[in-house]
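Enquirer: here are the coordinates; sequence isn't available:
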């Protein structure tokens, strides 16, 4: 955190205390004035920390526009909480002032009966209703219906006049051009419009190469498109290529953060949480983890069988069992290093399915090098343990072989998942480790039988 | 991947083959025409897959502007490769056509002697030189010097005229206002300028609440600021609050992806790679992993000591050792689930250091629930193994205790790392597992001694 950022956080904390104090004393008007001088996202941070009775005081008599700005910046779950105690008429007025995509998201989080009631009370319901049709994680779920489509034959001057008239919640640098049937045919920037001859038709200076997303495209694909082509706004089209909405970059930044969070949680071996951590109950968190933990427990049970299978060998030399956790732990670690790297490379598109052989060859080399280096460490450790050459060679060879094996398998598992259409992040580090545990033990004790002649 | 995206990829593949064929036949002019009809990022994808002799044919006689567009979209390492065989004079012309921040990045990747030579040959060297002073991962390293600062007393009409004249590589929606001493005092959007009375002074309609980043701010903090306040361009200021550059959202999207990649690689237990996976040599990848793997090997060596310490207990009941991998594996998995969730929550700011007690209390509850559920699975497994009640109770209690312990420790480790100013992602899943292995064994065998009276 830099100084600037720290002082902002401290300032917000200070203001929170001041506002809390004023509200407790019943001076809610003063508190509102202080709060409204802040940027909406800072207002939201303070608001969400206030107790419910003080939240009610803050929203009392606040104009719908100001309330809309504040609610837009709260977490979805928090808005749903607040929406419970705001009367329907008032909530409808507030929603009318919100960006259509945010309003649609909020309606989606309310109980269906309440959402229908409120929609009926809204002025902008025709703008919002179509947005409610699309799944949350698709282009349609992300897009807003607040955009202005230009026609090919409009004069630049007419476009400028239209932009002057229009007062959207969000400001745009790019405007899309549609033909008579509303088919997307081009894009112009506000700069191009300003620079154009006032009587030039849009068609003469628009860019015909326009990237768009189909309405049912996955939100992650939209994010990749916008990131690949450095777009700040992405038009969304239906099956007839007709323009039906736009996605703005701020929503895409949120999607990228969300997707990376899901990948990281899956890599840790749990189902992704839908809400921010501290807003998720312990019971919900447990549910997101217990399935994987039990599945890993069950697949880990094979280790018991492998050890039982080698009971005689282990009985002949009990020292072998002392190295079991170290060897399988090292195999698991080597495997996790590989899977996490490959999963991310697949996620950001650095690696594709067709690169499987290249990746395998890369990891085979890495596995050989790593195996050799860790084998040396294994030899030293075993030699310090009992100074027996054959035993030390056993530990060294087993360590090397297990690291090589885990590294190679670790590269193939995520690619295999991608090939069968599964999310590579599901083949997480923990699953990898658990699979390598049983095979690693088998390698270890087989090597021991050979070298030590047990 | 949606249909639109797939067909784009297939088209690019097809075009690659066509261009490759034309170049092989020596028809480089035709190949250039096809290539130039594409968007720069698609041009770059095709170009980077071509063999070096064909790359030379493509760039031959290509105007510097076109070459600049193409090189800007290549990976930094690829540009550095290409720059090796382009003559310095030609490279200087190309760099003059690039966005200043991209040109500065490229110069930074060249050998210092060559970079100095080229800088001397450039027209825009005064625009680029200041950018070379700042560390890559700071606001200064990300910013571009291509921006237009407005003065408070300019008329709206004069601003519009200036924007019409100006032809930057990148188009902007927001313009920053600085006073006579170049101190940042406000921000206006292009929409506000268009809507304003032509004779209104900028001061009368600008927004005085402007978020900025200090030049030495970490790039991740800049990303958080832009994401928090939904900015598409962030002004960068020096210690005197003077405007010295701007950061655009497309660079921030790249930063967010890069930081998430680093977190994921660290979570997998390796040092982050600086280049895309397939462009990194096997030797480099090995180096990024071997340090951690050896460190984990060394800390894992304690498991051997713990088992040796309990040699008598294990000797009395060899079946206990069969469950060692399963129990410590489960502990490691439970710990990884927690660390990965907490690390990410810290990374996106959902959790802060001051929330440590809340987090611990959350995870203590989760640990108790998970421990109970997995203990039941442990009991069943042990009962199926030998049908002995005391033995099954031992395995069940040890499993529950280890899961509870790993979950609680897993929540504290990342918070502890954050508290001492270290990167929480360094306390990765593998480190967590390795630490829990030794303590888990100790818990297991102590429980066994109590219950089984060994």
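Expert: Structure received. Computed from a prediction, not measured in an experiment: that's the story for all the values here.
Enquirer: what's the neighbour count on residue A:235?
Expert: 25 (other CB atoms under 10 Å in any protein chain shown). For glycine as for every other residue, the C-beta is placed from the backbone atoms N, C-alpha and C.
Enquirer: brain fart, residue A:336
Expert: Neighbour tally, residue A:336, other CB under 10 Å: 30.
Enquirer: surely residue A:176 and residue A:159 touch.
Expert: No: the criterion here is CB atoms under 8 Å, and residue A:176 misses it with residue A:159 at 11.8 Å.
Enquirer: who touches both of those two?
Expert: Taking CB atoms under 8 Å, 6 or more residues apart in numbering or on different chains as the contact rule, residue A:176 and residue A:159 both touch residue A:150.
Enquirer: so residue A:442 makes contact with residue A:306?
Expert: Yes: using CB under 8 Å, residue A:442 is in contact with residue A:306, at 5.5 Å.
Enquirer: quick one: low-confidence ranges for chain A?
Expert: The model of chain A has pLDDT under 70 over residues A:1-8.
Enquirer: got the domain boundaries for it?
Expert: A:3-135, A:150-255, A:301-452 (automatic domain parsing).
Enquirer: how about the ones you listed in JSON lines, adding distance to residue A:282?
Expert: As requested, those are exported to JSON lines (distance: least, CB to CB, whole Å):
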{"stretch": "domain A:3-135", "distance to residue A:282": "16"}
{"stretch": "domain A:150-255", "distance to residue A:282": "26"}
{"stretch": "domain A:301-452", "distance to residue A:282": "21"}
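Enquirer: tell me the most buried of those domains?
Expert: Comparing the domains of chain A by mean neighbour count (mean count of other CB atoms under 10 Å in any protein chain shown), domain A:301-452 comes out on top with a mean of 22.
Enquirer: what helices or strands is whatever helix or strand residue A:80 lives in leaning on?
Expert: Element membership for residue A:80, per DSSP states H and E: helix A:76-85. Here helix A:76-85 touches helix A:52-59, helix A:100-109, going by 3 or more CB pairs under 8 Å, 6 or more residues apart in numbering or on different chains; DSSP states H and E.
Enquirer: verify the contact between residue A:428 and residue A:271 for me.
Expert: No: with contact defined as CB under 8 Å, residue A:428 does not count as touching residue A:271 (10.8 Å).
Enquirer: anything in contact with each of the two?
Expert: residue A:292.
Enquirer: which residues touch the helix holding residue A:80?
Expert: A:48, A:52, A:55-56, A:59, A:71, A:74, A:91, A:105-106, A:109-110, A:114, A:275, A:279.
Enquirer: now do stretch A:375-386
Expert: Under CB under 8 Å, 6+ apart, the answer for stretch A:375-386 is A:319, A:322-323, A:326-327, A:388-389, A:391-400, A:403, B:294, B:297-298, B:301, B:304.
Enquirer: chain center to that stretch: distance?
Expert: Here stretch A:375-386 is found 43 Å from its chain centre; the criterion is CA atoms, centre = their mean, to the nearest Å.
Enquirer: same question, stretch A:140-154
Expert: With CA atoms, centre = their mean, you get 27 Å for stretch A:140-154.
Enquirer: that stretch close to chain B?
Expert: No: if you take CB under 8 Å from any CB of the partner chain as the test, stretch A:140-154 misses chain B, and the best it gets is 11.6 Å.
Enquirer: same check, this time on stretch A:97-106
Expert: No: Stretch A:97-106 does not reach chain B (CB under 8 Å from any CB); its nearest approach is 10.7 Å.
Enquirer: before we move on, what SS does the nearest residue to residue A:215 once chain neighbours are set aside have?
Expert: Of all residues not flanking residue A:215 in the chain, residue A:140 sits nearest, at 4.2 Å (CB to CB, 6 or more residues apart in numbering or on different chains). Assigned by DSSP: H, G, I helix; E, B strand; the rest coil, the conformation of residue A:140 is helix.
Enquirer: try residue A:236
Expert: strand.
Enquirer: show me what it is bridged to.
Expert: Taking DSSP bridges, one finds residue A:213, residue A:245 as the beta-bridge partners of residue A:236.
Enquirer: can stretch A:352-366 be found next to chain B?
Expert: Yes: contact between stretch A:352-366 and chain B, assessed by CB under 8 Å from any CB, occurs at A:355, A:358, A:359, A:362, A:365, A:366.
Enquirer: and if you look at stretch A:294-306?
Expert: Yes: Stretch A:294-306 reaches chain B (CB under 8 Å from any CB) through A:294, A:296, A:297, A:298, A:300, A:301, A:303, A:304.
Enquirer: tell me which residues are up against the helix or strand that contains the second one.
Expert: Element membership for residue A:296 (DSSP H and E) is helix A:282-300. Contact with helix A:282-300 is made by A:265, A:269-273, A:277, A:428, A:430-431, A:434-435, A:437-438, B:325-326, B:329-330, B:333-334, B:337, B:341, B:362, B:365-366, B:369-370, B:373-374, B:377-378, B:381, B:403, as judged by CB under 8 Å, 6+ apart.
Enquirer: repeat for stretch A:433-442
Expert: A:296, A:299-300, A:302-303, A:305-307, A:310, A:324, A:327-328, A:331-333, A:335-336, A:402, A:405-406, A:409-410, A:413, B:325, B:329, B:332-333, B:433.
Enquirer: would you check how far apart residue A:27 and residue B:339 are?
Expert: With distances taken as CB to CB, to the nearest Å, residue A:27 is found 45 Å from residue B:339.
Enquirer: what do you get for residue A:333?
Expert: Using CB to CB, residue A:333 is found at 14 Å from residue B:339.
Enquirer: residue A:169 in helix, strand or coil?
Expert: Per three-state DSSP, residue A:169 ends up coil.
Enquirer: looks like it contacts residue A:99 (just checking).
Expert: Yes: distance between residue A:169 and residue A:99: 4.4 Å, which falls inside the contact criterion (CB under 8 Å).
Enquirer: any residues in contact with both of these two?
Expert: With CB under 8 Å, 6+ apart, residue A:169 and residue A:99 have common neighbours residue A:146.
Enquirer: and the nearest residue to residue A:141 once chain neighbours are set aside, what does it touch?
Expert: Excluding the flanking residues, the one nearest residue A:141 by CB to CB, 6+ apart is residue A:134, at 4.6 Å. By CB under 8 Å, 6+ apart, the residues touching residue A:134 are A:140, A:141, A:143, A:215, A:216.
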